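> A structural model of the following input is requested.
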Amino acid sequence: MSETGVVVGCHEDQAFVEMEASKECEACGACRYTQTGRMIAPITNTLDAKIGDAVSINIEPKLVLLAAATVYILPIAFFFVGYTSG
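Numbers count the residues shown, from 1 in each chain. Okay, here's the model as predicted:
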(Lines give C-alpha, C1' and ligand atoms only; values in the text may rest on other atoms or scores of the structure.)
Protein backbone atom coordinates (compact mmCIF):
# COMPACT_ATOMS: atom_id res chain seq x y z
CA MET A 1 0.00 0.00 0.00
CA SER A 2 1.36 3.41 -0.91
CA GLU A 3 0.20 6.77 0.43
CA THR A 4 1.29 10.28 -0.55
CA GLY A 5 1.35 13.23 1.82
CA VAL A 6 3.09 16.40 2.96
CA VAL A 7 5.51 16.74 5.87
CA VAL A 8 3.89 19.00 8.48
CA GLY A 9 6.40 18.59 11.29
CA CYS A 10 9.80 17.20 12.19
CA HIS A 11 11.27 16.19 15.53
CA GLU A 12 14.69 14.56 15.87
CA ASP A 13 14.65 11.54 13.51
CA GLN A 14 10.87 11.59 12.90
CA ALA A 15 8.73 13.37 10.35
CA PHE A 16 4.98 13.82 10.66
CA VAL A 17 3.21 13.35 7.34
CA GLU A 18 -0.33 14.59 6.75
CA MET A 19 -2.36 12.71 4.13
CA GLU A 20 -5.85 11.65 3.10
CA ALA A 21 -7.04 8.52 4.86
CA SER A 22 -7.75 5.62 2.52
CA LYS A 23 -10.24 2.86 3.37
CA GLU A 24 -7.39 0.61 4.57
CA CYS A 25 -5.94 3.32 6.77
CA GLU A 26 -9.21 4.11 8.51
CA ALA A 27 -9.35 0.59 9.97
CA CYS A 28 -5.77 0.53 11.25
CA GLY A 29 -5.84 3.15 14.00
CA ALA A 30 -2.07 3.69 14.10
CA CYS A 31 -2.28 7.33 13.03
CA ARG A 32 -4.02 10.27 14.59
CA TYR A 33 -6.56 12.39 12.75
CA THR A 34 -6.86 16.14 12.39
CA GLN A 35 -10.13 18.04 12.84
CA THR A 36 -10.54 18.08 9.06
CA GLY A 37 -10.41 14.27 8.86
CA ARG A 38 -6.93 14.03 7.41
CA MET A 39 -4.48 11.72 9.15
CA ILE A 40 -1.00 12.41 10.47
CA ALA A 41 1.46 9.52 10.46
CA PRO A 42 4.76 9.58 12.35
CA ILE A 43 7.51 8.07 10.20
CA THR A 44 11.27 7.66 10.52
CA ASN A 45 12.84 10.52 8.57
CA THR A 46 15.57 8.63 6.70
CA LEU A 47 15.60 11.11 3.77
CA ASP A 48 15.95 14.26 5.90
CA ALA A 49 12.59 15.57 4.67
CA LYS A 50 11.68 19.13 5.63
CA ILE A 51 8.32 20.72 6.41
CA GLY A 52 6.38 21.20 3.17
CA ASP A 53 8.09 18.34 1.29
CA ALA A 54 5.83 15.91 -0.56
CA VAL A 55 6.63 12.30 0.35
CA SER A 56 5.38 8.84 -0.53
CA ILE A 57 5.00 6.21 2.19
CA ASN A 58 4.99 2.52 1.36
CA ILE A 59 3.39 0.23 3.93
CA GLU A 60 3.79 -3.53 3.65
CA PRO A 61 0.45 -5.40 3.59
CA LYS A 62 1.53 -7.65 6.46
CA LEU A 63 1.97 -4.57 8.66
CA VAL A 64 -1.55 -3.44 7.79
CA LEU A 65 -2.89 -6.85 8.78
CA LEU A 66 -0.86 -6.82 12.00
CA ALA A 67 -2.23 -3.40 12.92
CA ALA A 68 -5.80 -4.48 12.17
CA ALA A 69 -5.33 -7.60 14.29
CA THR A 70 -3.97 -5.51 17.14
CA VAL A 71 -6.85 -3.06 16.99
CA TYR A 72 -9.67 -5.60 16.63
CA ILE A 73 -8.63 -9.07 17.77
CA LEU A 74 -6.46 -8.28 20.80
CA PRO A 75 -9.21 -6.43 22.73
CA ILE A 76 -11.66 -9.28 22.09
CA ALA A 77 -9.08 -11.82 23.29
CA PHE A 78 -8.49 -9.81 26.49
CA PHE A 79 -12.24 -9.57 27.03
CA PHE A 80 -12.62 -13.34 26.93
CA VAL A 81 -9.59 -13.89 29.18
CA GLY A 82 -11.04 -11.46 31.70
CA TYR A 83 -14.51 -12.93 31.42
CA THR A 84 -13.36 -16.51 31.95
CA SER A 85 -10.97 -15.70 34.80
CA GLY A 86 -13.70 -14.28 36.93
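> distance of Tyr83 from Thr36?
Per C-beta to C-beta, to the nearest Å, Tyr83 is found 39 Å from Thr36. (Each C-beta comes from the backbone N, C-alpha and C, glycine too.)
> ranges for the strands of this structure?
When assigned using DSSP state E, the strands of the chain occupy the ranges 2-11, 14-19, 32-33, 39-44, 54-58.
> what comes up buried for the first one?
In this case it means strand 2-11. Going by neighbour count (16 or more other C-beta atoms under 10 Å), the buried part of strand 2-11 is 3, 5, 7.
> neighbouring strands - and their directions - for it?
strand 14-19 (antiparallel), strand 54-58 (antiparallel) (DSSP bridges).
> export these as a markdown table, with columns for distance to Asp48 and mean pLDDT.
Formatted as a markdown table, those follow (distance: least, C-beta to C-beta, whole Å; pLDDT from 0 to 100):
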| stretch | distance to Asp48 | mean pLDDT |
| --- | --- | --- |
| strand 14-19 | 9 | 91 |
| strand 54-58 | 11 | 88 |
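> format the strands of the chain as CSV; extra columns: distance to Ala69.
Below are these laid out as CSV (distance: least, C-beta to C-beta, whole Å):
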stretch, distance to Ala69
strand 2-11, 20
strand 14-19, 23
strand 32-33, 20
strand 39-44, 19
strand 54-58, 20
